[in-house]
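Enquirer: Predicted model follows, preceded by the sequence.
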Amino acid sequence: MKQVAVLGATGSIGASALDVIARHPDRFRAGVLSAHRNVDALVELCARFRPELAIIADPALEGALARKLKAAGLPTAAAAGADALTEAAAGPLCDTVLAAIVGAAGLASTLAAARAGKRLLLANKESAVMAGPLLLEALRAGGGVLVPVDSEHNAIFQCLPGGRPELDRAGVRRLILTASGGPFRGRTRADLAAVTPDQACAHPNWRMGRKISVDSATLMNKGLEVIEAHVLFGAAPEAIDVVVHPQSLLHSLVEYTDGSVLAELGNPDMRTALAHALAWPERVEAGVVPLDLAARAQLGFERPDTDTFRCLPLAYQALRAGGDAPALLNAANEIAVEAFLAGALPFLAIADVIEATLAELPPSPVVDAETLVHRDLTARDTARRIMRRAFC
Ligand code: NAD
Ligand code: MG
């Protein structure tokens, strides 16, 4: 029986994971659930899954959470704040942690889970992007395993022998990440000048949270995933390629030196990657509709348009620059996406803000989490200043 802490339980990944967990009460138990500010949604999940502990990230809401859990007659204890998240990720109520908080807010609990040797199911790609060397060090120190949940990395994990081998020795030549191209595939820069947040969030194949949906529309999601692939699998930047595949049926590929190319295919439904990560090395039913290739008929592939979608080359640039440049890229992106979602920044300016932030802040080596958080805040301030100067 795996005791799972679902951090980010009220999100899109959280919901898919809880769906898989509910299908297998004999294998998985959700012992810890967390949410950011939505107390009612968290209490509703507690009524269904009866965890030992519920955590609300906003400390001001601890009293409301405790009151509502009690009023509902639930045995679940209430906790609040970032420290409660890291304590639970490392604590005795779970052996498995699903890191499904969005953005840099997921970093501390992800690192805590890794350091404590938990089985880490990583959806929160931002923590791998920000703190790759620290995450690898924490995993080494903790001795636990990381199973990627991001569908591309989960696919690559499945196509590699034994998880995280030395790629050279395993005969791997290239990792090929597939990208759907997002809702704006085929559009020109002129087409994109006035697109709205709702248009950017209308992804053709996946239903996701709003931040990752915008990242998919700018192709920054793929850029973050290139960096994530570098961290998780140790591939050099030039050995990681991106191909646009609009149907999202191939979730990524591994090319070997003998010319073999292995791919993982399936319908676009995150429950496949989540069920794989939860049960690995076993397999369990995920509730996903089987793939009917003949009915789908067409598999298309094209090169990404990096002149229109500049966030992808910016991510490669940050990866090559090294040090904490990926963390600076991630921080500037979070600020720019937040401003775009608030209607305060044009879509095309997201890349401009990130580029200008990277130009102002030369990378430093990644030494520890405190320094990194400080650099993340500096990059956020820089991005806000650049936005004020250029767009307000
Ligand atoms: P979402 O916005 O639907 O959910 C985010 C979750 O994080 C919610 O439970 C929210 O309450 C919590 N949260 C938000 N801000 C927080 C904060 N400051 N402190 C604590 N908790 C906070 O997002 P999502 O689509 O489920 O994505 C979650 C993560 O998984 C992201 O890192 C995303 O990149 C990654 N991911 C998502 C998908 C997908 O299909 N949705 C696929 C691959 C990877
Ligand atoms: Mg992905």
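Expert: Ah, there it is. Ligands and ions are numbered 1, 2, ... in the order given.
Enquirer: Which residue is it, in the stretch 151-300 of the chain, that comes closest to ligand 1?
Expert: Gly209 (2.5 Å; Cβ to the nearest ligand atom). Every residue, glycine included, has its C-beta placed from N, CA and C.
Enquirer: how about the helices in the stretch 201-350 of the chain?
Expert: 210-218, 220-233, 270-279, 293-296, 311-321, 325-341, 349-360 (DSSP state H, counting those that start in this stretch).
Enquirer: mean pLDDT for those: which is lowest?
Expert: Note on those: helix 293-296 shows the lowest mean pLDDT, a mean of 89.
Enquirer: Would you mind listing what in the stretch 201-350 of the chain touches ligand 1?
Expert: By Cβ under 6 Å from any ligand atom, the residues of the stretch 201-350 of the chain that approach ligand 1 are 206, 208-209, 212, 270.
Enquirer: which other residues reach the host helix or strand of Gln3?
Expert: In this structure, Gln3 is located in strand 2-7 according to DSSP states H and E. With Cβ atoms under 8 Å, 6 or more residues apart in numbering as the test, strand 2-7 has contacts from 14, 17-18, 21, 27-34, 55, 85, 88-89, 93-101, 106, 109, 113, 118-119, 278.
Enquirer: Correct me if wrong: Arg380 contacts Asn333.
Expert: No - using Cβ atoms under 8 Å, Arg380 makes no contact with Asn333, being 10.3 Å away.
Enquirer: who touches both of these two?
Expert: With Cβ under 8 Å, 6+ apart, Arg380 and Asn333 have no common neighbours.
Enquirer: Stretch 48-65 vs ligand 1: in contact?
Expert: Yes - Stretch 48-65 lies within reach of ligand 1 by Cβ under 6 Å from any ligand atom, at Ala57.
Enquirer: how far does that stretch sit from the chain's center?
Expert: 23 Å (Cα atoms, centre = their mean, to the nearest Å).
Enquirer: same check, this time on stretch 283-294
Expert: The mean C-alpha position of stretch 283-294 is separated from the chain mean by 23 Å, Cα atoms, centre = their mean.
Enquirer: what about the residue in the chain that ligand 1 sits nearest to, distance to Asp305?
Expert: Residue of the chain nearest ligand 1, by Cβ to the nearest ligand atom: Gly11 (2.0 Å). Distance, Gly11 to Asp305, by Cβ to Cβ, to the nearest Å: 29 Å.
Enquirer: more neighbours, these two?
Expert: Each of Gly11 and Asp305 has its neighbours counted (other Cβ atoms under 10 Å); Gly11 has more, 24 against 18.
Enquirer: where in the protein is pLDDT low?
Expert: The chain contains residues with pLDDT under 70 at 163-164, 392.
Enquirer: top helix in it by residue count?
Expert: helix 369-391 (DSSP state H).
Enquirer: What residues of that one count as buried?
Expert: 369, 372-373, 375-376, 378-380, 382-384, 386-387 (16 or more other Cβ atoms under 10 Å).
Enquirer: Which positions in the stretch 201-350 of the chain make contact with ligand 2?
Expert: When proximity is defined by Cβ under 5 Å from the ion, the stretch 201-350 of the chain lies next to ligand 2 nowhere.
Enquirer: In the chain, what residue comes closest to ligand 2?
Expert: Closest contact between the chain and ligand 2, by Cβ to the ion, is at Asp150 (4.2 Å).
Enquirer: Now do the same contact list for that residue.
Expert: Asp150 touches 122-123, 125, 225, 228, 273, counting by Cβ under 8 Å, 6+ apart.
Enquirer: now Ala78
Expert: 53-56, 62, 65-66, 69.
Enquirer: State the three-state secondary structure for it.
Expert: strand (DSSP: H, G, I helix; E, B strand; the rest coil).
Enquirer: and the gap between it and Ile56?
Expert: 7 Å.
Enquirer: got any residues that touch both of those two?
Expert: 62, 65.
Enquirer: Save the contacts of Ala78 as a markdown table, and put in secondary structure and neighbour count too.
Expert: Listed next are these as a markdown table, based on DSSP: H, G, I helix; E, B strand; the rest coil; neighbours: other Cβ atoms under 10 Å:
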| residue | secondary structure | neighbour count |
| --- | --- | --- |
| Leu53 | strand | 20 |
| Ala54 | strand | 28 |
| Ile55 | strand | 28 |
| Ile56 | strand | 27 |
| Glu62 | helix | 17 |
| Leu65 | helix | 24 |
| Ala66 | helix | 18 |
| Leu69 | helix | 20 |
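Enquirer: Out of those, the closest to Cys46 would be?
Expert: Comparing the contacts of Ala78 against Cys46 with Cβ to Cβ places Ala54 closest, at 5.1 Å.
Enquirer: Compute the distance between that closest one and Pro313, please.
Expert: 42 Å.
Enquirer: for Val367, same thing?
Expert: Counting by Cβ to Cβ - Val367 and Pro313 are separated by 28 Å.
Enquirer: Tell me which of the two has more neighbours.
Expert: Taking neighbours as other Cβ under 10 Å, Val367 and Pro313 compare with Pro313 leading, 16 against 13.
Enquirer: residue contacts, that one?
Expert: 223, 306 are the contacts of Pro313 under Cβ under 8 Å, 6+ apart.
Enquirer: repeat for the one 5 residues further on
Expert: Neighbour list for Ala318: 227, 325-326, 328-329, 358, 363 [criterion: Cβ under 8 Å, 6+ apart].
Enquirer: By neighbour count, which of the residues you listed wins?
Expert: Leu329 (30 neighbours).
Enquirer: Thanks again, I'm all set now.
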